[in-house]
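Trainee: need coordinates for the below:
(one chain, ligands or ions: 1)
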Amino acid sequence: MTLKILNNCNLMRNNTLALQSTAEYFCEVINTADLREALTFARSKNLAVTVLGAGSNVVLKNNLFGLVISINLKGIHHSIDGNNVVLSVAAGESWSELVEYALRNNWYGIENLVQIPGSVGAAPIQNIGAYGVELSDVFLSLDAMDIRTGEINSLSHKLCGFGYRDSIFKSKRKNRHIILEIKIKLSLTADVQCDYPLLSEALKKETRKSTGPITPQIVARTISDIRRRKYPDPSIIANVGSFFKNPVLNSDSVRRFLECYPLAPVFEINGAEYKVAAGWLIERCGLKGFRSGNVGMSSEQALVLLNYGNASSRELLQFSESVKQQVLSVFGISLELEPTVYGSF
Ligand code: EPU
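Mentor: Model (predicted):
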């Protein structure tokens, strides 16, 4: 046995909401041999397995029974294919560092996803997206280990079943796979996506200052500035970015909704479904910047829930439940949590 497995491990530093949570067993893996050893250990003791990346999209309750595996697999490889570059990136790499690396190499397609916290392995699970681009736009496939059998399978784009902040790893195949590596396809030619309203407004100001074309580097810098203003740094105030998903309505519901609230920000997903901005709903309920005890909604972006210090998972989830209830009673719309909740009180 070379792998270090800790007993009763505090996970406060392993989740960006800084919640106090204890893992019955905990280990960090840096290669697939470690991972196999960890899974053998879990099987021998009949333990449930929970996988953590950077912990930037999870709510951890007080106790996580079983084995918590922190994925720290590293490595980025690339191959040029005509006008494209295919990147194979290990799950433990940082997503935002990957975006910077791609930009430094003039590989384009993920510049709008700059500064999204979290690990590369977590990115497909919720199909990360921002400012008009989603991971699924550049995704080719991923390699994942089956937790039960230890087998490594390649899953194509189609098999991953991507949707808005969704994939099969959140539903049918939840807790079945450990993502080891993803493959994405970027372009050697810039093709900037600037249609997202907040981005195009900010870029208008930016282009007033300079005359050249809008480059992916300008897009990334503009988005970084927006994000710095709207999303507090979790190392200063603990948070997981958006705490709720933007609710998705069908055409009939969205029409009725817009009759009552014509100014509400609504974004079309496809011809039949529309996202309503949850931040707007929360703000209209008077909850932007509202704080109760150790928990509050940010005053810059009402969709971001903040742990001001010592919130317990119970306090935090009770607070988020009260936000959901208020939105439901005012608008008749149910909000869903964006992060995944693990463990028990
Ligand atoms: N809005 C308000 N009040 C607020 C916040 C937002 O009225 O307090 C309105 C804005 O005025 C705008 C609309 O809501 O008209 C959308 O706001 P924003 O562009 O800030 O985006 P969002 O829908 O709140 C989503 C993602 C973010 C992503 C941004 C940009 C989800 C759950 N969140 O937020 O992703 O960065 O779009 O694309 O889809 C994350 O997933 O953690 C995340 C930060």
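Trainee: burial of the residue of the stretch 1-150 of the chain found nearest the ligand, as a residue count?
Mentor: Nearest to the ligand in the stretch 1-150 of the chain, going by C-beta to the nearest ligand atom, is A130, at a distance of 3.6 Å. Using the backbone N, CA and C atoms, a C-beta is placed for each residue, glycine as well. The burial count assigned to A130 is 19, neighbours taken as other C-beta atoms under 10 Å.
Trainee: touching, it and I116? I think so.
Mentor: Yes. If you go by C-beta atoms under 8 Å, A130 and I116 touch, sitting 6.1 Å apart.
Trainee: give the closest residue to whatever residue of the stretch 101-250 of the chain ends up closest to the ligand in space, chain neighbours not counted.
Mentor: At 2.7 Å from the ligand, G241 is the closest residue in the stretch 101-250 of the chain, using C-beta to the nearest ligand atom. Among residues not flanking G241 along the chain, Y231 sits closest, at 5.9 Å (C-beta to C-beta, 6 or more residues apart in numbering).
Trainee: would you map the helices across the chain?
Mentor: Here the chain has its helices, by DSSP state H, at 32-44, 95-104, 157-160, 197-209, 216-230, 251-260, 278-284, 313-331.
Trainee: relative to helix 197-209, how tilted is the fifth one?
Mentor: Computed by axes from the mean of the first three to the mean of the last three C-alpha atoms, to 10 degrees, the angle separating helix 216-230 from helix 197-209 equals 120 degrees.
Trainee: contact residues of the stretch 101-250 of the chain facing the ligand?
Mentor: Residues of the stretch 101-250 of the chain lying close to the ligand by C-beta under 6 Å from any ligand atom are 130-131, 165, 196, 198, 230, 241-242, 245-246.
Trainee: buried ones only from those, please, as a ChimeraX command.
Mentor: Those of those that count as buried under 16 or more other C-beta atoms under 10 Å are selected in ChimeraX with:
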select :130,131,165,196,241,242,245,246
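Trainee: rewinding a little: and the residue of the stretch 101-250 of the chain closest to the ligand, how far is that from Q301?
Mentor: For G241, the distance to Q301 equals 9 Å [C-beta to C-beta, to the nearest Å].
Trainee: hey, what's in contact with both of those two?
Mentor: Between them, G241 and Q301 have Y231 as joint contacts when contacts are counted by C-beta atoms under 8 Å, 6 or more residues apart in numbering.
Trainee: before we move on, the earlier item: winner for burial among the helices of the chain?
Mentor: Neighbour counts (mean count of other C-beta atoms under 10 Å) averaged over each of those peak at helix 278-284, with a mean of 22.
Trainee: list the contacts of the closest residue to R176 other than its chain neighbours.
Mentor: For R176, ignoring the flanking residues on the chain, the nearest one in space by C-beta to C-beta, 6+ apart is I147 at 6.0 Å. By C-beta under 8 Å, 6+ apart, the residues touching I147 are 39, 49, 175-178.
Trainee: filter these down to the buried ones, ChimeraX style.
Mentor: To isolate the buried ones among the contacts of I147 in ChimeraX, judged by 16+ other C-beta under 10 Å, type:
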select :39,49,177,178
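Trainee: model confidence score at the residue nearest to S156 when sequence neighbours are not counted, please.
Mentor: Leaving aside its sequence neighbours, S156 sits nearest to S141 (C-beta to C-beta, 6+ apart; 5.1 Å). At S141, the model reports a pLDDT of 98.
Trainee: do the one 10 residues further on as well
Mentor: pLDDT, E151: 95.
Trainee: M1 too?
Mentor: On the pLDDT scale, M1 is placed at 60.
Trainee: so L135 touches A122, yeah?
Mentor: No. In this structure, L135 is not within contact of A122 by C-beta under 8 Å, at 10.3 Å.
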